[in-house]
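Undergrad: The sequence isn't on hand, but the structure is:
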């Protein structure tokens, strides 16, 4: 199968999700016999484009002009659809990111393709195309069979290991035909907290709940996160009370995340919260209530007062980092 | 202003999810259904906009007659009228085709959906409807204001937000922050009984995907409890055993 991998960039560099997408695409291509073409839009540094080859892209298409410097889902979807037709792609892979989720449904219509959104594993291609995706907000998985000629998959961040897999990676300029009607949405301003690690892509997440008693107590959560290179998150009651922004809310009605390590502090572990974090590889729960349901869904637990345990943990992480740096 | 709000009928967030023995179907017994949470946010914002500037809010749902209590709830919250497309939703493309067909025949200034449904976790319908209608769309929107014919929106992105603008008509998917969901009051519940709820028959849509089976995540092994007096043991375990730091 020929695979088209849509890779996302930020500030001219490939995002981590881009490497996941190329690695995943390379695995599908090698499993089925085919080639990976990667496509990036907007301003991207030349060495970053070349990097796509290291992870398995035989060809890297780069489309850029004044209008494509900002993400507009309608226009980006048109460009990727055109690339899919040009490269005769059998499968188009995108990240299940905010941008990927905005583009993929449009691609599905343009390419008359079936779509598996939120895939968490490689497809089973023996006699068809069956793929595992999240369902019921992390409470379950569904195996979806795509029966269309062209298939679209969005891959959950952190669910596929990045692997080097050298291929030619020849960079080519791609000049798409885009109509003005695709640019009805105008980007006015991009507001980014550049010093913070983005939660959906974070490998480690430190999260706080109502047990922290108030927004003024988040200093230690942020300090621990800073030491671990982690993103911060929170439970729904915390964002509902405006202690933290809604963008940090993880759970069934917030973000679903799958980091390598999730540290939950003062979160009891209601079913709605567990739904959003249960695909984390390792879960640590710190809670003073030994009956908190979260302990049943955790790998490691400390029954104790967060205000005593977390400062100690910060000290231990500092020692660990000093010893291992 | 004419607004169309698309709502999904989904299991309550507290639901335990179970499947039949052959893993092929979701066990609906004992499940309470609700309006999908982010659709409720979209509905609340639609009502705020029409209360301010005038207009109507039509609710659309694709479902068999078991979804009518969920639609009535949306009417009780304040929607003007509702339409149910009489079909069990097969997949996102099927649902989007029905909504686009209705929207084309009834022309709306704004089509609102939730960010994603909490059952199949599709965040597909919104942009599919937009594509089918050749309309612009903005996803995961946490703030929406409308001045004249122009919508200004805050779109969520990794690690921040983007402020974008777009002329109406457009399709917008709502996330937390856009509005506070509303609870129906007694007057709303009474009036919902007599508000128009029409039933439309579905149009054909090709099926390109199907769910063949379900699975539940494997339960975790027994939690390892660590003595709060020996937090160093946690750091050691995370490094040497779990190998995550």
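TA: Perfect, thanks for sending it. What you see is a predicted model, and the numbers here were worked out from it, not measured in a lab.

Undergrad: Only C-alpha atoms from now on, for both contacts and neighbour counts.
TA: Fine.

Undergrad: show me where chain B has strands.
TA: For chain B, the strands defined by DSSP state E cover B:2-6, B:9-11, B:33-35, B:56-63, B:81-86, B:110-114, B:137-147, B:150-157, B:160-167, B:170-174, B:197-200, B:209-215, B:224-225.

Undergrad: Might you list the low-confidence residue ranges for chain A?
TA: Within chain A, the stretches with pLDDT under 70 are A:194-195.

Undergrad: Which residue ranges make up each domain of it?
TA: Per automatic domain parsing, the domain ranges recorded for chain A read A:3-183, A:199-324.

Undergrad: Adding mean neighbour count and distance to chain B, write those domains out as JSON lines.
TA: Listed next are the domains of chain A as JSON lines, based on neighbours: other CA atoms under 10 Å in any protein chain shown; distance: least, CA to the nearest CA, whole Å:
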{"stretch": "domain A:3-183", "mean neighbour count": "21", "distance to chain B": "4"}
{"stretch": "domain A:199-324", "mean neighbour count": "21", "distance to chain B": "5"}
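
Undergrad: Would you convert those into a markdown table that also reports distance to residue B:110?
TA: Listed next are the domains of chain A as a markdown table, based on distance: least, CA to CA, whole Å:
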| stretch | distance to residue B:110 |
| --- | --- |
| domain A:3-183 | 17 |
| domain A:199-324 | 24 |
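
Undergrad: what's the closest of those domains to residue B:240?
TA: domain A:199-324 (11.7 Å; CA to CA).

Undergrad: quick one: average pLDDT of the longest helix seen in chain B?
TA: Counting residues, the longest helix in chain B under DSSP state H turns out to be helix B:37-53. Averaged over helix B:37-53, pLDDT sits at 97.

Undergrad: Surely residue A:92 touches residue A:152?
TA: Yes. Counting by CA atoms under 8 Å, residue A:92 does reach residue A:152; the two are 4.8 Å apart.

Undergrad: quick one on the thing from earlier: other SSEs contacting the longest helix of chain B?
TA: strand B:2-6, strand B:56-63, strand B:110-114, strand B:170-174 (3 or more CA pairs under 8 Å, 6 or more residues apart in numbering or on different chains; DSSP states H and E).

Undergrad: packing partners for the second one?
TA: Pointing back at strand B:56-63 there. Going by 3+ CA pairs under 8 Å, 6+ apart, strand B:56-63 lies up against strand B:2-6, helix B:37-53, helix B:68-77, strand B:81-86, helix B:92-106.

Undergrad: Go through those and pick out the most buried.
TA: strand B:2-6 (a mean of 25; mean count of other CA atoms under 10 Å in any protein chain shown).

Undergrad: Check which helices and strands that one sits against.
TA: Using 3+ CA pairs under 8 Å, 6+ apart: strand B:2-6 touches helix B:37-53, strand B:56-63, strand B:110-114.

Undergrad: Neighbouring strands of it in the sheet, and parallel or not?
TA: Sheet pairing for strand B:2-6, assigned by DSSP bridges, gives strand B:56-63 (parallel), strand B:110-114 (parallel).

Undergrad: Which pLDDT value does the model give the residue lying closest to residue B:193 once chain neighbours are set aside?
TA: In this structure, residue B:193 finds its nearest non-sequential neighbour in residue B:72, 7.2 Å apart by CA to CA, 6 or more residues apart in numbering or on different chains. The per-residue pLDDT reported for residue B:72 equals 98.

Undergrad: need the contact list for the residue lying closest to residue A:281 once chain neighbours are set aside.
TA: Spatial nearest neighbour of residue A:281, chain neighbours left out: residue A:260 (4.7 Å); criterion: CA to CA, 6+ apart. The neighbours of residue A:260, taking CA atoms under 8 Å, 6 or more residues apart in numbering or on different chains as the test, are A:158, A:203-204, A:280-282, B:244.

Undergrad: start to end distance for stretch A:146-158?
TA: 23 Å (CA to CA, to the nearest Å).

Undergrad: Now do that stretch: everything it contacts.
TA: With CA under 8 Å, 6+ apart, stretch A:146-158 has contacts from A:17, A:20-21, A:89-97, A:100-101, A:104, A:107-108, A:111-120, A:128-130, A:200-201, A:203, A:257-260, B:208-210.

Undergrad: do stretch B:49-58 as well
TA: B:1-5, B:46-47, B:79-83, B:146.

Undergrad: Please apply the same query to stretch B:15-34.
TA: A:136, A:139-140, B:9-12, B:70, B:211-215.

Undergrad: Could you give the bridge partners of the residue nearest to the spatial centre of chain B?
TA: Nearest to the mean C-alpha position of chain B, by CA atoms, centre = their mean, lies residue B:114 at 3.4 Å. For residue B:114, the beta-bridge partners are residue B:174 (DSSP bridges).

Undergrad: Tell me who's in contact with it.
TA: B:6-7, B:36-42, B:126, B:173-175.

Undergrad: Would you check how far apart residue B:3 and chain A are?
TA: Using CA to the nearest CA, to the nearest Å, residue B:3 is found at 19 Å from chain A.

Undergrad: Let me see the contact set for that residue.
TA: B:46, B:55-58, B:108-112.

Undergrad: If you rank the residues you listed by neighbours, which is first?
TA: residue B:111 (30 neighbours; other CA atoms under 10 Å in any protein chain shown).

Undergrad: Need the distance between the two termini of stretch A:2-10.
TA: End residues of stretch A:2-10 are separated by 26 Å (CA to CA).

Undergrad: Tell me which residues touch residue A:22, please.
TA: Contacts of residue A:22 (CA under 8 Å, 6+ apart): A:5, A:7, A:36, A:38, A:52, A:55-57.
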